[in-house]
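Colleague: For reference, the sequence and a predicted model appear below.
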Amino acid sequence: SLLAYREKLVWKIKDVKNFVRGLMTSRAIELPTGRKCWTKDYRSDLTDLATPMESVEDTEMLWKGQLSLAIKQLEQLETMLKNVEKKLDALSEKNKRIAILRTIPGVGARTAEALAYVIDDPQRFKNSRQVSSYVGLCPRRYNSGNTDYNGGISKKGNRLLRALLTQAAWSSLQSGWSVEIYKRVRQGSSKRSTIAIIAVARHILIRSWAMLRDNCRWDESKFKVA
């Protein structure tokens with residue numbers, strides 16, 4: 001529940017940032033791209049442009065009041081997010097299952113937490129396909145007459161965990177262990193990038209389940225790519 005609440009805060013923060021960017025664009029004010037826009041210096045510049053709504057007298061300057069409110073909202077949301085993540089860290093600090101999962105390259109604290117709580121008791125799954133199906137990362141199978149093929153993933157199960165696993169999959173490409181899986185599934189086609197990253201996400205899920213089942217930390221030598 002707390003992880004889901006954190007995710008809502010993250011999206012609210014994105015919405016406010018997008019609002020600010022759109023507001024600046026409407027005033028022909030160009031902002032830096034990416035995270036540079038939200039550094040301390042640029043935030044200071046935005047604050048200088050803003051005017052408290054109650055102080056705005058000219059209707060043409062109402063955008064300055066909107067900017068002021070948006071900056072305050074952003075600060076409040078970021079403080080809330082910081083407090084939620086602090087509590088999550090405290091709850092996870094002594095959790096051995098989360099500590100095990102965090103040894104996987106590319107898997108951060110939030111992903112490890114979601115994996116630990118969604119998988120719960122690893123013994124309740126007989127095999128990796130059951131785990132994948134439970135989370136919604138198992139390909140759907142169509143069988144009708146002479147037609148028999150695998151479609152996209154079912155998307156059943158925990159949506160938040162699938163999103164976090166996808167993020168972890170992209171991060172894992174930086175560590176190298178999943179690159180071979182990604183390239184093999186992608187087959188050199190940019191159109192298959194999403195399919196490939198989902199395949200990596202599924203590998204992370206399966207390996208996480210196996211590690212919890214066997215109570216062992218990450219050991220790349222035990223996870224050779226087939």
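Modeller: Great, that's in hand. Numbers count the residues shown, from 1 in each chain.
Colleague: Can you show me the strands along the protein?
Modeller: 139-144, 147-153 (DSSP state E).
Colleague: These: lowest mean pLDDT?
Modeller: Mean pLDDT is lowest for strand 147-153 among those, at a mean of 49.
Colleague: The closest residue to Ile198 other than its chain neighbours: what's it in contact with?
Modeller: Among residues not flanking Ile198 along the chain, Ile153 sits closest, at 6.2 Å (CB to CB, 6 or more residues apart in numbering). Yep, even glycine has a C-beta here, placed from its N, CA and C like the rest. Residues near Ile153 by CB atoms under 8 Å, 6 or more residues apart in numbering: Gly136, Leu137, Cys138, Pro139, Arg140, Ile198.
Colleague: if we go to 7 Å?
Modeller: Listed by CB atoms under 7 Å, 6 or more residues apart in numbering, the contact partners of Ile153 are Gly136, Leu137, Cys138, Pro139, Ile198.
Colleague: Pretty sure Ala201 sits against Thr166.
Modeller: Yes. Ala201 lies in contact with Thr166 (CB atoms under 7 Å); the separation is 5.2 Å.
Colleague: The most centrally placed residue in the chain: what's it in contact with?
Modeller: In the chain, the residue lying closest to the centroid (CA atoms, centre = their mean) is Leu164, at 3.8 Å. Taking CB under 7 Å, 6+ apart as the criterion, Leu164 is in contact with Arg110, Thr111, Ala114.
Colleague: before we move on, back to that, list the beta-bridge partners for the residue nearest to Ile198.
Modeller: Pro139 (DSSP bridges).
Colleague: Give the full set of residues in contact with the nearest residue in space to Lys64 that is not next to it in sequence.
Modeller: Leaving aside its sequence neighbours, Lys64 sits nearest to Thr51 (CB to CB, 6+ apart; 3.9 Å). Residues near Thr51 by CB under 7 Å, 6+ apart: Met61, Lys64, Gly65, Ser68.
Colleague: still on that earlier bit, pick out whichever of Ala201 and Thr166 has more residues nearby.
Modeller: Set side by side, Ala201 and Thr166 show more neighbours around Ala201, with 27 against 18, by other CB atoms under 10 Å.
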